[in-house]
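Enquirer: coords please:
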Amino acid sequence: GNDDYEPSVYHVEGDTAAPEVTKLDTTEDRVDGQDVVEATTNGFSTYVVEFSYTPSGSSATTYTMASGTNIPVQTLLQKMGVELSAEQAVTSVAVSHVQLTNETDQTKSILYVMTLDDAYQVSASTKYTGTATLTVKIGDSTEYVISVTVTEKTVSFAPTGATYTGESVKPKVKVNDEEVADTKVVWRSGDTVVTDLINAGTYTAEVTVTSDEQTDKGNAFTVSKANLANDNVTFEADGFVAGKKYLHTSSAITFDNPKVKLGSFDITDQVDVSYTKNTDVGDATIKVTPKAGNTNLDGEKTFNFKIVNPVAQIGSTNYPTLADAVEDAGADATVTLLADVELSSPLTISKAVTIESKTGGTYTIKPSSTFTTGSGNAGNCLLNVTDAGELTLKNVTVDAARTESNAPLMVVYCSGGKLTIDGATVKGGRYGFCPNIYMTGKSTFNMTGGALVDGVVTNESWAGTEALWLGSEVVATISGGTVGKVFVNANS
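Expert: Coordinates of the predicted model:
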């Protein structure tokens, strides 16, 4: 009933020293639940029945093992597809037909048979490679003949190398693709035994694959230096934000309590932090480099910030950005513009504040070339007045034109808040509808002077909303100034 067995019947006659052996034709059948093999002969003589075994899905009974390794014979049979029953036992194991690789002396052994705890084991030579035949006898009559190839022992690592992280990067160790337990590997840095592979350098692995044999000590695993230029190097310090604008003073700008991390690992004590161009107005740089003699790090990383003249003022306090001034403003504060202002994202107004130009000037609030929008109307405008906000624009120009990209952007979005135009000019909007000022919800709009210039409506269905949209619940009073096209909802 086992298709892995192929029976053969031989007719043996003649002198026992030189018998004549003839393989007979056979037929196979199954009778009364038993496999029956029939062969016909024409006289009395001796017959030998031989069963050849090939595991299902395999082309030959061949097993490959690394030099210096061993395997229980019963495990070897299982790998060949042979499962022994509880009543079956291995009674003998013999080695024959040894063929050594690249050796003139073919008398050496490459397979050794031993018993351990009353079980047979086969051990491969640590010195030689080649092939041999292993004959395993089960009980009194069944034999399995297995061709064994002994190959050079190959040690590999997964991963094959690593980069310094500040933490252990010890790899998995394999011998001929068989993973080796950590307890069988001794790691060294030079002559020193190490438990963890942390610092950059070359480590060697001594791998125990039998009870008394070790691999060559030259199995090298390299931990490379970390390059500081990589994205996972970060700089933190009190008050520092990369790319932020800082107010020009008479002193060089530096930041206290610097901390440098490689991923989540703190490498501050391994690096030097220096500054360039951190005194005058312009782009300043923080440079992080390895300390002299450091063997874990390489390269350098720079972080930039800007030093600017003040663009806004509250009382006698100067600010590098309009956003900083608005954030710092108290109730009903007046923010005075000292220069033109570029916004990098929508400026949200959630308090009562007046923005006006310094006496003698008319300054402009506009988007920067890298202006970042968000979602909805509140994320796609230059000024966003919330229901808690009260914004007065006085003697300023608010221009949402994005000349670099011509991308859509509303000028002012007011949902439930209060907006007063007092001598200000609002223009440059480009949006699907109502590109300049969109008043919605229970908002209040007052205009005493200035100009609302028609923007660009990109959706023709909303033509007529170019300058101002007044929603149905908006209370609006216009007592001066000039206004372009206005859309007024019912009941406004």
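Enquirer: Correct me if wrong: residue 254 contacts residue 276.
Expert: No. Here residue 254 lies out of contact with residue 276, judged by Cβ atoms under 8 Å, at a distance of 11.6 Å. For glycine as for every other residue, the C-beta is placed from the backbone atoms N, C-alpha and C.
Enquirer: out of the two, which sits in the more crowded spot?
Expert: residue 254 (14 against 11; other Cβ atoms under 10 Å).
Enquirer: Tell me, how many residues neighbour the closest residue to residue 162 other than its chain neighbours?
Expert: Closest residue in space to residue 162, ignoring its immediate chain neighbours: residue 169 at 3.7 Å, by Cβ to Cβ, 6 or more residues apart in numbering. Neighbour count for residue 169, taken as other Cβ under 10 Å: 19.
Enquirer: go on, residue 472?
Expert: If we define neighbours as other Cβ under 10 Å, then residue 472 has 12 of them.
Enquirer: Would you check how far apart the nearest residue to it once chain neighbours are set aside and residue 470 are?
Expert: Of all residues not flanking residue 472 in the chain, residue 489 sits nearest, at 4.1 Å (Cβ to Cβ, 6+ apart). According to Cβ to Cβ, to the nearest Å, residue 489 and residue 470 sit 6 Å apart.
Enquirer: Looking only at neighbour counts, state which of these two leads.
Expert: Comparing residue 489 with residue 470 by other Cβ under 10 Å, the one with more neighbours is residue 470, at 22 against 13.
Enquirer: Just the strands from the stretch 1-150 of the chain, written as ranges.
Expert: All strands of the stretch 1-150 of the chain, identified by DSSP state E, counting those that start in this stretch, fall at 5-13, 20-23, 26-31, 34-39, 46-53, 62-66, 70-72, 90-100, 111-116, 119-124, 130-138, 142-151.
Enquirer: most packed of these?
Expert: strand 119-124 (a mean of 20; mean count of other Cβ atoms under 10 Å).
Enquirer: Point out the other helices and strands that that one packs with.
Expert: Counting contacts by 3 or more Cβ pairs under 8 Å, 6 or more residues apart in numbering; DSSP states H and E, strand 119-124 packs against strand 62-66, strand 70-72, helix 73-79, strand 90-100, strand 111-116, strand 142-151.
Enquirer: neighbouring strands for that strand, and are they parallel or not?
Expert: strand 70-72 (antiparallel), strand 111-116 (antiparallel) (DSSP bridges).
Enquirer: Identify the residues contacting that strand?
Expert: 65-74, 76, 90, 93, 110-115, 134, 136, 148, 150, 210 (Cβ atoms under 8 Å, 6 or more residues apart in numbering).
Enquirer: can you rerun that using 6 Å?
Expert: Residues from elsewhere that reach strand 119-124, judged by Cβ atoms under 6 Å, 6 or more residues apart in numbering: 65, 67, 69-73, 90, 93, 111-114, 150.
Enquirer: now that strand: how far from the chain's centre is it?
Expert: Distance, stretch centre to chain centre, for strand 119-124: 45 Å (Cα atoms, centre = their mean, to the nearest Å).
Enquirer: likewise stretch 307-315?
Expert: 42 Å.
Enquirer: before we move on, what about stretch 88-104?
Expert: Using Cα atoms, centre = their mean, the offset of stretch 88-104 from its chain centre is 49 Å.
Enquirer: swap in stretch 122-136?
Expert: 44 Å.
Enquirer: Can I get that stretch in CSV, CA atoms only?
Expert: Included here for stretch 122-136 are C-alpha records, laid out as CSV according to Å, rounded to 0.1, in the frame of the first residue of the first chain:
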residue,chain,number,x,y,z
VAL,A,122,25.8,10.3,12.5
SER,A,123,28.5,12.9,12.7
ALA,A,124,30.2,14.6,9.8
SER,A,125,34.0,15.2,9.7
THR,A,126,35.3,18.6,10.5
LYS,A,127,38.2,18.3,8.1
TYR,A,128,36.9,16.7,4.9
THR,A,129,34.0,17.0,2.5
GLY,A,130,32.6,14.6,-0.1
THR,A,131,30.1,11.8,-0.3
ALA,A,132,29.4,8.5,1.4
THR,A,133,26.7,5.8,1.5
LEU,A,134,24.9,5.2,4.7
THR,A,135,23.1,1.9,5.2
VAL,A,136,20.5,1.9,7.9
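Enquirer: can you put the contacts of strand 119-124 in a markdown table and add pLDDT and distance to residue 357?
Expert: Shown next, in a markdown table, are these (pLDDT from 0 to 100; distance: Cβ to Cβ, whole Å):
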| residue | pLDDT | distance to residue 357 |
| --- | --- | --- |
| 65 | 84 | 87 |
| 67 | 80 | 86 |
| 69 | 78 | 85 |
| 70 | 83 | 89 |
| 71 | 88 | 88 |
| 72 | 90 | 91 |
| 73 | 91 | 95 |
| 90 | 92 | 99 |
| 93 | 93 | 100 |
| 111 | 91 | 95 |
| 112 | 91 | 96 |
| 113 | 93 | 99 |
| 114 | 90 | 97 |
| 150 | 88 | 89 |
